[in-house]
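Trainee: Sequence unavailable; structure follows:
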């Protein structure tokens, strides 16, 4: 089953930080794939803007190298790369000065969708927004895309929001979280609200608990400098896992539009109870002889930044009161895996006796790798000799169910950039949503400033600290195994 491609309007897209790592690894390859698919026409224009001194020909060479390195569709590259590169140009520009801004203004075309991608640090968001307006480049229909981290606490997020709001309306601001662009993440809403089978059971009466896991097998690598100032809570929990929590727990919106969806997500965050120290575990990976430990990679033997965090969260509303949400994320774990598991309660009464054991249904949504959905059901074990029950999966991987063409579905950045061009904010975070998430996270981080707060070492290649296992064991539950 091939995905249906709907071409977008002609557009001008300016990538501030156009020579940076994100542009090289994600943005330019994503745009090229949309060009190959026919969604982005030859009348689109992409302008790279950065402080580096180069001309448009040098930027096209930069983009060619990036696409060859990060896009594996060689046939597409051979057929379309030269045509795509013709649509690129470059302007040397100073985000905090006046260099290049008039040249940029001269490249923008009237009557086109205009989008500005802030692929830079958040410290430059306000400067770019101010200069886009001072030089008359951005108008009331222009759109800006801002990357995480969107602040490092509530105060800084409020400052960033106020800075952008001085020059852009909220309807023009697209705060991007690439997790929301994943095919399976969006399928959360389709599963819940498109199937009569699940929605009546999607509440505390039938759901025992929900687990959200985002595990990485790699360490901090070359991101050590950034990561040590951030940690797992700021880098992953406050945004990626929070968004997954919202989608799994939200009420059905009145209709599928940006305002209605984001209203319901905000209600989930505001209904979250404060988290006590007994419901949080944080850890830091150690070396194993072959791989360096966290402190070696960040070059700080005294670092107390967490590379793993697990939280037991509670939502105080009618739908979820009494149902815990267990969330964990970490680096250097045993496998790269992201999943959401909805664990339903046991049958209220077993007619098969104690010998049949305990059995429960589990709906698992795999985000990566091998995206798909699995529903665990209980059946009789084949063979004579009584009623023996076993759990078996009803498994739907996208690759098997939708055919080999499913591997050609747009990746997160492809989808989200095209949504910006279309003016669809459904999969982007709103300002009040970001601030509400920080308001919940900040007290947890503040409690870690106490030098006596526990930071538990864990072995590289493990499932994380043992205390994270006990977080669930004390409730009579178990984490699902982390496996690829």
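Mentor: Ah, there it is. Keep in mind that this is a model prediction, so the values were computed, not measured.
Trainee: Please, where are all the strands along the stretch 51-200 of the chain?
Mentor: Using DSSP state E, counting those that start in this stretch, the strands of the stretch 51-200 of the chain run over 88-92, 113-118, 143-147, 173-176.
Trainee: got the ones you listed as JSON lines, with mean pLDDT columns?
Mentor: Below are the strands of the stretch 51-200 of the chain laid out as JSON lines (pLDDT from 0 to 100):
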{"stretch": "strand 88-92", "mean pLDDT": "97"}
{"stretch": "strand 113-118", "mean pLDDT": "96"}
{"stretch": "strand 143-147", "mean pLDDT": "95"}
{"stretch": "strand 173-176", "mean pLDDT": "95"}
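Trainee: As TSV, the ones you listed with distance to residue 48 would be great.
Mentor: Every C-beta, even on glycine, is put in place using the N, C-alpha and C of the backbone. Below are the strands of the stretch 51-200 of the chain laid out as TSV (distance: least, C-beta to C-beta, whole Å):
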stretch	distance to residue 48
strand 88-92	5
strand 113-118	10
strand 143-147	14
strand 173-176	18
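Trainee: How much space separates residue 72 from residue 340?
Mentor: Computed as C-beta to C-beta, to the nearest Å, the residue 72 to residue 340 distance reads 28 Å.
Trainee: Okay, and the beta partners of the residue nearest to residue 108 when sequence neighbours are not counted?
Mentor: Ranked by C-beta to C-beta, 6 or more residues apart in numbering and with sequence neighbours excluded, the top spatial neighbour of residue 108 is residue 12, at 5.5 Å. In this entry, residue 12 is beta-bridged to residue 45, residue 114, by DSSP bridges.
Trainee: Pull the contacting residues for residue 12.
Mentor: By C-beta atoms under 8 Å, 6 or more residues apart in numbering, the contact set of residue 12 is 44-45, 47, 107-109, 112-115.
Trainee: Farthest pair within those residues?
Mentor: Largest separation among these by C-beta to C-beta: 107 and 113, giving 14.5 Å.
Trainee: Looking at the two, which is more packed in?
Mentor: residue 113 (19 against 15; other C-beta atoms under 10 Å).
Trainee: could you point out which element follows the lowest-mean-pLDDT helix or strand in the chain?
Mentor: For the chain, counting by mean pLDDT, DSSP states H and E, helix 398-402 ranks last in confidence among helices and strands (a mean of 57). Per DSSP states H and E, helix 398-402 leads on to helix 412-422 as the next helix or strand towards the C-terminus.
Trainee: Can you mark which positions in that following helix are buried?
Mentor: 412-421 (16 or more other C-beta atoms under 10 Å).
Trainee: so how far is that helix from its chain's centroid?
Mentor: 14 Å (C-alpha atoms, centre = their mean, to the nearest Å).
Trainee: Which neighbouring elements make contact with it?
Mentor: strand 11-16, helix 28-37, strand 113-118, strand 143-147, strand 173-176 (3 or more C-beta pairs under 8 Å, 6 or more residues apart in numbering; DSSP states H and E).
Trainee: Let me have those in JSON lines, extended by distance to residue 262.
Mentor: Below are the helices and strands packed on helix 412-422 laid out as JSON lines (distance: least, C-beta to C-beta, whole Å):
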{"stretch": "strand 11-16", "distance to residue 262": "24"}
{"stretch": "helix 28-37", "distance to residue 262": "23"}
{"stretch": "strand 113-118", "distance to residue 262": "20"}
{"stretch": "strand 143-147", "distance to residue 262": "16"}
{"stretch": "strand 173-176", "distance to residue 262": "11"}
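Trainee: Tell me the secondary structure at residue 363.
Mentor: Here residue 363 is recorded as strand under DSSP: H, G, I helix; E, B strand; the rest coil.
Trainee: list the contacts for it?
Mentor: 191, 198, 341-342, 344, 373-376.
Trainee: The same query, at a cut-off of 10 Å, please.
Mentor: Shown in contact with residue 363 (C-beta atoms under 10 Å, 6 or more residues apart in numbering): 191, 198, 201-202, 207, 210, 340-344, 373-376, 394.
Trainee: again, but for residue 89
Mentor: Counting by C-beta under 10 Å, 6+ apart, the residues that residue 89 touches are 14, 18, 45-49, 55-57, 59-60, 107.
Trainee: Please spell out the PyMOL selection for the buried subset of these.
Mentor: To isolate the buried members of these in PyMOL, using 16+ other C-beta under 10 Å:
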select buried, resi 14+18+45+46+47+48+49+59+60
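Trainee: so of the contacts of residue 89, which ones are in helices?
Mentor: Secondary-structure check on the contacts of residue 89 using DSSP state H: residues within helices are 56-57, 59-60, 107.
Trainee: Spatially central, which residue of the protein would that be?
Mentor: Taking C-alpha atoms, centre = their mean, the centroid of the chain lies closest to residue 179, which sits 2.3 Å from it.
Trainee: List the contacts of residue 72.
Mentor: residue 29.
Trainee: Same check on residue 92?
Mentor: So residue 92 contacts 48-55, 59, 99-100, 103-104 (C-beta under 10 Å, 6+ apart).
Trainee: Tell me the one of those residues nearest residue 90?
Mentor: Among the contacts of residue 92, and counting by C-beta to C-beta, the member closest to residue 90 is residue 59, at 3.5 Å.
Trainee: So for that closest one, what's the nearest residue that isn't a sequence neighbour?
Mentor: residue 90 (3.5 Å).
Trainee: That neighbour: what's it in contact with?
Mentor: With C-beta under 10 Å, 6+ apart, residue 90 has these contacts: 15, 18-19, 46-50, 52-60, 62-63, 107.
Trainee: gap between it and residue 144?
Mentor: Distance from residue 90 to residue 144, by C-beta to C-beta: 20 Å.
Trainee: again, but for residue 252
Mentor: From residue 252 to residue 144 the distance is 30 Å (C-beta to C-beta).
Trainee: of those two, who's got more company?
Mentor: residue 144 (24 against 13).
Trainee: What is the neighbour count of the nearest residue in space to that one that is not next to it in sequence?
Mentor: Setting aside the residues directly before and after it, residue 144 is nearest to residue 116 in space (C-beta to C-beta, 6+ apart), at 4.8 Å. Using other C-beta under 10 Å, residue 116 has 28 other residues around it.
Trainee: right, and residue 116 touches residue 132 too?
Mentor: Yes. Counting by C-beta atoms under 10 Å, a contact exists between residue 116 and residue 132, whose distance comes to 6.4 Å.
Trainee: what do the two both touch?
Mentor: Contacts common to residue 116 and residue 132, judged by C-beta under 10 Å, 6+ apart, are 14, 16, 104, 138, 142, 144, 168.
Trainee: Could you identify the most distant pair in those residues?
Mentor: The widest separation within these (C-beta to C-beta) is 16.8 Å, between 104 and 168.
Trainee: returning to that earlier point: where's the residue nearest to residue 108 relative to residue 121, distance?
Mentor: 23 Å.
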